[in-house]
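Trainee: dropping the sequence and predicted coords here.
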Protein chains: 2
Amino acid sequence: MTQETKARTILIADDEPDILEIISFNLQAQGYNVITANNGNEAIELAKTHKPDLIILDVMMPGKSGFEVCKVLRVLPGFENTIILFLTALNDDSTQIKGLETGGDDYITKPISPKVLISRVNAHFRRIIKETGSILQIGDLSIDREKYVVTLKDEEIILARKEFELLALLASKPAKVFLRNEILHKVWGSEVIVGDRTIDVHIRKIRQKLGDDCITTVKGVGYKFQM
Amino acid sequence: MTQETKARTILIADDEPDILEIISFNLQAQGYNVITANNGNEAIELAKTHKPDLIILDVMMPGKSGFEVCKVLRVLPGFENTIILFLTALNDDSTQIKGLETGGDDYITKPISPKVLISRVNAHFRRIIKETGSILQIGDLSIDREKYVVTLKDEEIILARKEFELLALLASKPAKVFLRNEILHKVWGSEVIVGDRTIDVHIRKIRQKLGDDCITTVKGVGYKFQM
DNA sequence: GTTGATATTAATAAATTGTAAACAACATAA
DNA sequence: TTATGTTGTTTACAATTTATTAATATCAAC
């Protein structure tokens, strides 16, 4: 399972069931893994057990407020870098400032369209990926784009640039068949023109280094990566 | 230069002088180093020369819109990770979504109180990886950015300025491959144009002084530091 | 078997980097 | 001022690696 395809987990805490449902439905439709809590204490418990990547907290909830939940979580080990968004109908400046200074990463006011919320969630994840770098992990194989290193069973494998890029492309969506055109366009670029057999040769070199089974030919269509 | 004195630089682009003044005044009062642009093209130029840590863009500006500026900057080397906020009176959902999907990290609607804006700016900076101070320690090697001193196994090594800056850059993220473009941009600056072999020669000098193994060439890609 | 595709290999072309040497710009000390 | 040394850059070429092509072999489907 790759970093990219691995579903991110989002915890939503709100005391209004309708909101919970609308938001979680939309986030799930985006491919996120969603868990829900009806109040602050439940949110803390679920956060501890599920270690979500992002938490959306209503500010006003029975029991612990969103701010209090945030404060509790931020000092727990493992939650220093969790993305926390506040979602609330409270729209006064001082509350927003308090939310951001409590350790929240965003303060979003209701009502909000699900699409906008999703955009904001995506934007936060986009930044996290940039900062932590993304390492693809597929079985024994790991591909580190930042370090330009491929390891198979903890052994480093040296790939030339085109080989690396080709492998990284195929591995970015395991089992997906990439058309030859698609590969040409993404690895070579749209302006470069190379012969028909160029891709084959590079595929061959990757197979020599990683084993024949890692890339499957789908005749007449393209190639797919599989571990 | 210590962490405290190292002011973060913020670039603000807006065609309304009043807004520019109010915001920059408030950010400066917070200790930020602020530069201002009156339109999109100016913003791009100033961004290239000053390399700000965060950019606040008005969406509607004469010449290039904030979105266009964002799009241009995001593909320039060195601006992949710059924090970009949109600040605009346009409050419809689709524009906001467009802004966030264009690569913006936040979309803030006017009117906004300076205090709230500052809170948001602070919140974004809080996410950025804190620098570990001015002394880098990697194995036997220590790099003191403040004193411009490099020691290897307690022996001081004399590096010329460019050599030092190049080493400091590579060592700032050990094992990460820095593209030649990225190196040129960060060590030489985007306005300086130097020949193809300049980086190589400097790398060579560093290798002569620190040993051949400290910097690895990733052919076709760039260089990486490893101890 | 014929056909249309991909695989394989070796040869060749192209691109990239390493290195030494030369040079200009600048600073410093005699 | 002149001499000396350092630094940053460029140049030219060697060394190396990578990418592509071309020719031939193989395979699967019909």
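Mentor: That came through, no problem. Numbers count the residues shown, from 1 in each chain, chains lettered A, B, ... in the order given.
Trainee: from DNA strand D, how far off is residue A:130?
Mentor: Using CB to the nearest atom of the strand, to the nearest Å, residue A:130 is found at 25 Å from DNA strand D. In short, each C-beta sits where N, CA and C put it, glycine included.
Trainee: my guess is residue A:112 contacts residue A:88, does it?
Mentor: No. Counting by CB atoms under 8 Å, residue A:112 does not reach residue A:88; the two are 10.1 Å apart.
Trainee: these two: which is more packed in?
Mentor: Using other CB atoms under 10 Å in any protein chain shown as the criterion, residue A:112 and residue A:88 rank with residue A:88 on top: 21 against 15.
Trainee: got the contact list for the more buried one?
Mentor: Listed by CB atoms under 8 Å, 6 or more residues apart in numbering or on different chains, the contact partners of residue A:88 are A:58-60, A:66, A:95, A:99, A:107-110.
Trainee: go with 6 Å
Mentor: Contacts for residue A:88 (CB atoms under 6 Å, 6 or more residues apart in numbering or on different chains) come out as residue A:59.
Trainee: equivalent analysis for residue A:47, please.
Mentor: Applying CB under 6 Å, 6+ apart, the residues near residue A:47 are A:11, A:73.
Trainee: name the helix or strand for it, please.
Mentor: Element membership for residue A:47, per DSSP states H and E: helix A:40-50.
Trainee: any idea which helix or strand comes after that helix?
Mentor: Moving toward the C-terminus from helix A:40-50, the next helix or strand (DSSP H and E) is strand A:54-58.
Trainee: gap between stretch A:130-147 and the chain center?
Mentor: Centroid separation for stretch A:130-147 versus its chain: 12 Å, with CA atoms, centre = their mean, to the nearest Å.
Trainee: now swap in stretch A:119-126 and tell me
Mentor: 9 Å.
Trainee: in it, what counts as buried?
Mentor: By neighbour count on 16 or more other CB atoms under 10 Å in any protein chain shown, the buried set for stretch A:119-126 is A:119-125.
Trainee: do the same with stretch A:75-94
Mentor: Buried, per 16+ other CB under 10 Å, within stretch A:75-94: A:79, A:82-88, A:90.
Trainee: let me know the closest of these to chain B.
Mentor: residue A:83 (8.6 Å; CB to the nearest CB).
Trainee: nearest to DNA strand C, of the buried residues of stretch A:75-94?
Mentor: The closest of the buried residues of stretch A:75-94 to DNA strand C turns out to be residue A:83 (CB to the nearest atom of the strand; 36.3 Å).
Trainee: low-confidence stretches in chain A?
Mentor: Scanning chain A for pLDDT under 70 picks out A:1-6.
Trainee: now the longest helix along it against helix B:114-127, angle please.
Mentor: Criterion DSSP state H: the longest helix present in chain A is helix A:114-132. Helix A:114-132 and helix B:114-127 are oriented at 40 degrees to each other (axes from the mean of the first three to the mean of the last three CA atoms, to 10 degrees).
Trainee: mind listing the strands the helix or strand following helix A:114-132 pairs with, and their directions?
Mentor: As assigned by DSSP H and E, the chain's next helix or strand after helix A:114-132 is strand A:135-138. Strand pairing for strand A:135-138, using DSSP bridges, gives strand A:141-144 (antiparallel).
Trainee: which is the succeeding secondary structure element to the partner strand?
Mentor: Once the chain leaves strand A:141-144, the next helix or strand it forms, by DSSP H and E, is strand A:149-152.
Trainee: around DNA strand D, pick out the residues from chain A.
Mentor: A:158, A:160-163, A:188, A:192-195, A:197-198, A:201-202, A:219 (CB under 7 Å from any atom of the strand).
Trainee: just the buried positions in the helix holding residue A:47, please.
Mentor: For helix A:40-50, using 16+ other CB under 10 Å, the buried residues are A:40-44, A:46-47.
Trainee: ditto for stretch A:23-31
Mentor: In stretch A:23-31, counting by 16+ other CB under 10 Å, buried: A:23-24, A:26-27.
Trainee: gap between the helix holding residue A:47 and the chain center?
Mentor: Counting by CA atoms, centre = their mean, helix A:40-50 comes out at 21 Å from the chain centroid.
Trainee: just want the angle from it to strand A:54-58.
Mentor: 170 degrees.
Trainee: now do residue A:38: how many residues are near it, please.
Mentor: Using other CB under 10 Å, residue A:38 is surrounded by 17 other residues.
Trainee: and the residue of chain A most remote from its centre, helix, strand or coil?
Mentor: Most distant from the centre of chain A: residue A:195, at 35.7 Å, with distances by CA atoms, centre = their mean. Secondary structure, DSSP: H, G, I helix; E, B strand; the rest coil: residue A:195 is coil.
Trainee: then residue A:112?
Mentor: coil.
Trainee: what's it sitting at in phi/psi?
Mentor: Here is the backbone geometry of residue A:112 (degrees, to the nearest 10): phi -140, psi 140.
Trainee: which among the buried residues of stretch A:119-126 gets closest to residue A:150?
Mentor: residue A:125 (24.7 Å; CB to CB).
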